[in-house]
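Student: fold the following, please.
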Amino acid sequence: MAERIENRSIVSLKIFRSSLDPARQRLQLAGSLQASGSDPQSLWLGPDRWLLVSDTMAPDVIVDSCKKTLVGITHNAVDYSAGLAVFRLTGPAARQILATGTGVDLRPTKFPTNRCCRTKLAQVAVVIVATAPQVLEVYVDRSLATYLADWIAESSSIYFSYLSEVPTT
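Tutor: Below you'll find the model as predicted:
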């Protein structure tokens, strides 16, 4: 099942490279290809970039917290909430459905809970996060949200119609 998550606060955080270690410690930022924390959760996008996401905190609160916590560290925290859409896919087929549109190995042994990565899905740039064994979230530019929602729906339909045609032994 796929659903669009509304009203999620999303803040893009970029840290000046010479200040990465103290910033990571102060904010407890996720390591390479990881998602960590709970509120806000940090999603690693690259060596000096993260998304800070929350369902309970307003984006301006997250930005202000970054300013207070990172005093003396050159950084840029920007509210991206209006720029990104988020989809959550749940169930045993979530990984298989997304795997049809990306080169990332989404098997649980290779992409476990709290793993995240930037990649292409259905030919568009996304961030995929494994939030639980059968739950994946996809962050995409809001201008491409309708396209991606349609792609997910069509891929789900194809996947489940294929399953219904496979003979059981």
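Student: Glu3 and Arg88, how far apart?
Tutor: Note on Glu3: its distance to Arg88, by CB to CB, to the nearest Å, is 5 Å. For every residue, glycine as well, the C-beta is placed using N, CA and C.
Student: the two: who's more crowded?
Tutor: Arg88 (17 against 11; other CB atoms under 10 Å).
Student: list the buried residues for stretch 30-49?
Tutor: 30, 34-35, 37, 40-45 (16 or more other CB atoms under 10 Å).
Student: point out the least confident member of the residues you listed, please.
Tutor: Within the set of the buried residues of stretch 30-49, pLDDT is lowest for Gly37 (93).
Student: surely it meets Ala30?
Tutor: Yes. Assessed by CB atoms under 8 Å, Gly37 is found in contact with Ala30 at 7.2 Å.
Student: so can I have TSV of the buried residues of stretch 30-49 showing distance to Asp105 and secondary structure?
Tutor: Formatted as TSV, the buried residues of stretch 30-49 follow (distance: CB to CB, whole Å; DSSP: H, G, I helix; E, B strand; the rest coil):
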residue	distance to Asp105	secondary structure
Ala30	20	coil
Gln34	16	strand
Ala35	17	strand
Gly37	25	coil
Pro40	28	coil
Gln41	23	strand
Ser42	23	strand
Leu43	19	strand
Trp44	18	strand
Leu45	19	strand
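Student: need the contact list for the closest residue to Asp39 other than its chain neighbours.
Tutor: With sequence-adjacent residues excluded and distances taken as CB to CB, 6 or more residues apart in numbering, Asp39 is closest to Ser54, at 5.3 Å. Listed by CB atoms under 8 Å, 6 or more residues apart in numbering, the contact partners of Ser54 are 8-9, 39-41, 62.
Student: try 10 Å
Tutor: For Ser54, the contacting residues are 8-11, 37-41, 61-62, 81, by CB atoms under 10 Å, 6 or more residues apart in numbering.
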